[in-house]
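> Return a 3D structure for these sequence lines:
(one chain, ligands or ions: 2)
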Amino acid sequence: IVKRISIIDAKDYVDQEVEIGVWLTDKRSSGKIAFLQLRDGTAFFQGVVLKNQIGEEKFTEIKHLRQETSMVITGTIHEDARSHFGYEIEVSSLEVIGDSNDYPITPKEHGVDFLLDHRHLWLRSKKPHAMMVIRNEIIRATYEFFNQEGFIKIDAPILTGSAPEGTTELFKTEYFDKEAYLSQSGQLYEEAGAMAFGKVFSFGPTFRAEKSKTRRHLIEFWMIEPEMAFMHQEESLEVQERYVAYLVQSVLDHCEYELSLLGRDPEVLKKYTKLPYPRISYDKAIEMLQESGQFPDVKWGDDFGSPEETFLAEQFEQPVFVLNYPKAIKPFYMKPHPTREDVYICADLLAPEGYGEIIGGSERETDYDKLLAKIEEAGLSREAYDWYLDLRKYGSVPHSGFGLGLERAITWITGEDHIREAIPFPRLLNRLNP
Ligand code: 4AD
Ligand code: MG
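Ligands and ions are numbered 1, 2, ... in the order given. Reported below is the predicted structural model:
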């Protein structure tokens, strides 16, 4: 009996006969030989069919196979020095499983809207495939990193009664006879987790009803949110830079082919594995923007837009931490600076090459009365936050945490232009389908 394998394992079966379930992505043929471009989800490679081996009738059938026909093939694996993959299969038999007719995504160029309308099929193509393999690697490396560092994964709920990042970007939904919100961030729950387990992280979908249509914003995105008890901000920054460098190194180590397919130069990425990352204050960042002459209107207190973040990041070789933002532009839960009235102990990590903020984090307010005052000042309902306030009532400790936007990190590491490429089914301002 012939062994059923995956294309990715072809290297282990050279000169052996195997069976593989595949789809046809492209083909060309002459009178005596046909070259089939095949994929099975694990990889892409070539099948070679010889007329005098497979017979006239079957050869004619194969010549007429259409794109995305599914089939089971049997054949012998050979080395193929001409292809990047390095192996091909000489097909000895082929059984069609499912026909395909007028597959909409042809090898020619398609517009972005057309591709997004067909995202459920577009995922089969080489570039989305490479993106999703890298996404998977970053998720895998995330679990590995936090497990090695002694963190426990504590899942935060998706349906919530609280709004950590402000009430303007909330998705509301019915919750029987009440109202609920889709989570903007798991942070508040991770804070409870940190008090129970010390070092925790969450990884889940988060939702922002942001009316912004930019290359960096998704309506639904995935966030990794670590939270650490008995930890001040400076130590948290060290965890953050170790984590980001670990992600970059893991992609370099395991996704060489995918990076080359996407045209991403590994030498550029290697610079981002060097630690530590530079740190500048928000004050210094404002000064740099003002001194550049490119931002005549910028003044202390402003939040940064994409051009400002891009300029700041360009001044450094690595990702850069911007520390201690003004209170007015950051959320209520952050801990105020010990000697300054006007800023929090917080930091954003800005990625190089114009990718903007990939991490936001801070030390958290630990004092019950101060936190309550901030909640009331923010116009939030006291009942919804009673449980959160409890964390300051029973053994409150210094603690810090941060959130890394998964798709922002993927877009940066892969060097893609748009964040929609970094998630299987992007939710954008005007897109809920497929
Ligand atoms: O800066 P943000 O809003 O921070 C928080 O939500 C904190 N509660 C995190 C924490 O301390 N536990 O979001 C964190 C990160 C950003 O740095 C960015 O990378 C990403 O989430 N992000 C988005 N990614 C894609 N689309 C959007 N609309 C995003 N909004 C934020
Ligand atoms: Mg932020």
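
> Domain-wise, how is this structure divided?
Per automatic domain parsing, the structural domains of the chain span 3-98, 119-422.

> Might you report the residue contacts of the nearest residue to residue 14 once chain neighbours are set aside?
The spatially closest residue to residue 14, leaving aside those adjacent along the chain, is residue 77, at 5.3 Å (CB to CB, 6 or more residues apart in numbering). From N, CA and C alone the C-beta is placed, and that goes for glycine too. Taking CB atoms under 8 Å, 6 or more residues apart in numbering, we find residue 77 in contact with 10, 13, 14, 15, 16, 18, 87, 88, 89.

> pretty sure the third one is in contact with residue 79, am I right?
Yes - when contacts are counted by CB atoms under 8 Å, residue 14 is listed as touching residue 79 (6.1 Å).

> Tell me the residues that contact both of those two, please.
residue 87.

> How much space separates residue 199 from ligand 1?
Distance of residue 199 to ligand 1, computed by CB to the nearest ligand atom, to the nearest Å: 13 Å.

> So what does that residue look like in phi/psi?
Phi and psi for residue 199, reported as degrees, to the nearest 10, are phi -120, psi 120.

> In the stretch 1-150 of the chain, which residue sits closest to ligand 1?
residue 138 (12.9 Å; CB to the nearest ligand atom).

> ok but that residue is inside a helix, no?
Yes - applying DSSP: H, G, I helix; E, B strand; the rest coil, one finds residue 138 inside a helix.

> ok, now which ones touch the closest residue to it other than its chain neighbours?
Using CB to CB, 6+ apart and skipping the chain neighbours, the partner closest in space to residue 138 is residue 247 (5.4 Å). When contacts are counted by CB under 8 Å, 6+ apart, residue 247 is found next to 138, 141, 142, 145, 409, 413.

> Same question for residue 48.
Counted by CB under 8 Å, 6+ apart, residue 48 has contacts 33, 34, 35, 36, 88, 89, 90, 91.

> Pick the most buried one from the domains of the chain.
domain 119-422 (a mean of 18; mean count of other CB atoms under 10 Å).

> Please list the residues of the stretch 301-434 of the chain that sit near ligand 1.
Proximity of the stretch 301-434 of the chain to ligand 1 (CB under 6 Å from any ligand atom) is limited to residues 357, 358, 359, 360, 361, 401, 402, 403, 405, 407, 408.

> For those, give me JSON lines that also has secondary structure.
Formatted as JSON lines, these follow (three-state DSSP):
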{"residue": "357", "secondary structure": "strand"}
{"residue": "358", "secondary structure": "strand"}
{"residue": "359", "secondary structure": "strand"}
{"residue": "360", "secondary structure": "strand"}
{"residue": "361", "secondary structure": "strand"}
{"residue": "401", "secondary structure": "strand"}
{"residue": "402", "secondary structure": "strand"}
{"residue": "403", "secondary structure": "strand"}
{"residue": "405", "secondary structure": "strand"}
{"residue": "407", "secondary structure": "helix"}
{"residue": "408", "secondary structure": "helix"}
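
> re the thing from before, reformat the domains of the chain as CSV; add mean pLDDT.
Shown next, in CSV, are these (pLDDT from 0 to 100):
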stretch, mean pLDDT
domain 3-98, 97
domain 119-422, 97
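
> Contacts only, for residue 87.
Neighbours of residue 87 in contact, by CB under 8 Å, 6+ apart: 10, 11, 14, 45, 77, 78, 79, 80.

> Find the nearest non-adjacent residue to the fourth one, please.
Across the structure, with CB to CB, 6+ apart as the measure, the residue nearest residue 45 apart from its sequence neighbours is residue 85 (4.9 Å).

> related to what we said a few turns ago, please produce CSV containing the contacts of residue 247, extended by distance to residue 69.
CSV is the format used below for those (distance: CB to CB, whole Å):
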residue, distance to residue 69
138, 33
141, 36
142, 37
145, 41
409, 37
413, 35
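
> Please identify which two of the residues you listed are farthest apart in space.
For these, the farthest-apart pair by CB to CB is 145 and 413; their separation is 14.5 Å.

> thinking again about what came up before, tabulate the residues of the stretch 301-434 of the chain next to ligand 1 in JSON lines, adding columns for distance to residue 315.
Output for these, formatted as JSON lines (distance: CB to CB, whole Å):
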{"residue": "357", "distance to residue 315": "16"}
{"residue": "358", "distance to residue 315": "17"}
{"residue": "359", "distance to residue 315": "18"}
{"residue": "360", "distance to residue 315": "20"}
{"residue": "361", "distance to residue 315": "21"}
{"residue": "401", "distance to residue 315": "27"}
{"residue": "402", "distance to residue 315": "22"}
{"residue": "403", "distance to residue 315": "24"}
{"residue": "405", "distance to residue 315": "22"}
{"residue": "407", "distance to residue 315": "25"}
{"residue": "408", "distance to residue 315": "20"}
